[in-house]
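**Student:** Could you look at this predicted model? Sequence included:
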Amino acid sequence: MVVVRWHGHACFEIVTSKGTVIVLDPHDGYSIGLKPPRVQADIVLITHEHFDHNAYAVVAKPSATVLSMFVGEKAVNDVMIKGFEAYHDREKGKRRGRVSIYKVYADNISFVHLGDLGHELDNTYKNVLGDIDVLMIPVGGTYTIDPKSAWNVIELLTPKVVIPMHYWVKGLNLPLKAVDEFLSLKPDDWSVNMIESNQIVIERSSIPNKVIYVMSPPT
């Protein structure tokens with residue numbers, strides 16, 4: 001059993017059954033108009049060094065493993081991490097630089113966090129990323145792929161569960177689209193589960209298929 005918490009924007013917390021805490025793309029809260037994440041991480045994964053994704057000091061335990069823009073493979077505690085190079089724009093990083101896509105294996109469940117992905121993916125990424133149980137994908141546009149491109153990426157990668165991120169919520173001071181446009185483009189074979197909290201629990205034996213979890217930002 002894995003607990004997943006969304007701390008707003010692109011910041012997620014994943015807690016394994018053994019208690020290992022992974023935080024991806026932490027923000028400091030105040031800089032973007034949201035509450036800071038209240039979590040102490042054993043592992044911090046940063047997809048790129050922009051201020052709204054790299055506030056590791058807010059969440060990292062003194063003993064934490066911190067990986068920034070990591071490409072490669074690394075085992076930490078009961079977690080396997082794989083990092084793959086991608087880009088923050090459609091020009092192979094010429095405008096906004098590169099990002100890392102992270103695939104995290106926890107309790108035999110695979111999570112993929114696309115960071116500030118700025119371009120659609122091709123079959124090369126589909127092949128290296130492989131099977132995906134849970135995909136965390138930006139959908140707000142402006143700095144990342146827009147809702148239409150997000151669906152193209154989803155159709156390519158075929159994850160079981162999608163959690164949209166990096167979109168406008170109340171208080172956020174960044175010019176992003178709300179999640180509604182992404183949901184309005186949903187194919188008929190996908191269902192939407194609106195979560196009234198910022199937390200879900202995922203178990204290997206009962207992972208749904210073609211479900212979008214829209215999580216509420218923390219209060």
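**Tutor:** Sure thing, it's come through. Treat the numbers as computed from the prediction; the structure is a model and nothing was measured.

**Student:** Going along the chain, name the helices of this protein.
**Tutor:** Ranges of helices in the chain, per DSSP state H, are 56-59, 123-129, 147-157, 179-184.

**Student:** I'd like these laid out as TSV, including distance to residue 13.
**Tutor:** Any C-beta I mention is one placed from the backbone N, CA and C, and that applies to glycine too. Formatted as TSV, these follow (distance: least, CB to CB, whole Å):
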stretch	distance to residue 13
helix 56-59	8
helix 123-129	22
helix 147-157	22
helix 179-184	20
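
**Student:** Identify whichever of those helices lies nearest to residue 83.
**Tutor:** The closest of those to residue 83 is helix 123-129. By CB to CB, the value is 10.8 Å.

**Student:** Next, the buried residues of that closest one.
**Tutor:** For helix 123-129, the neighbour count (16 or more other CB atoms under 10 Å) marks 125, 129 as buried.

**Student:** Next: stretch 163-174.
**Tutor:** For stretch 163-174, by 16+ other CB under 10 Å, it's 163, 164, 165, 166, 167, 168, 169, 172, 174.

**Student:** Now do residue 205 against residue 161, distance only.
**Tutor:** Residue 205 sits 14 Å away from residue 161, going by CB to CB, to the nearest Å.

**Student:** what's the answer for residue 186, then?
**Tutor:** For residue 186, the distance to residue 161 - CB to CB - is 14 Å.

**Student:** hmm, back to that, give me the more crowded residue out of residue 205 and residue 161.
**Tutor:** residue 161 (22 against 6; other CB atoms under 10 Å).

**Student:** returning to that earlier point: how about the buried residues of stretch 163-174 in JSON lines, adding pLDDT?
**Tutor:** Below are the buried residues of stretch 163-174 laid out as JSON lines (pLDDT from 0 to 100):
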{"residue": "163", "pLDDT": "98"}
{"residue": "164", "pLDDT": "98"}
{"residue": "165", "pLDDT": "97"}
{"residue": "166", "pLDDT": "96"}
{"residue": "167", "pLDDT": "97"}
{"residue": "168", "pLDDT": "96"}
{"residue": "169", "pLDDT": "95"}
{"residue": "172", "pLDDT": "93"}
{"residue": "174", "pLDDT": "94"}
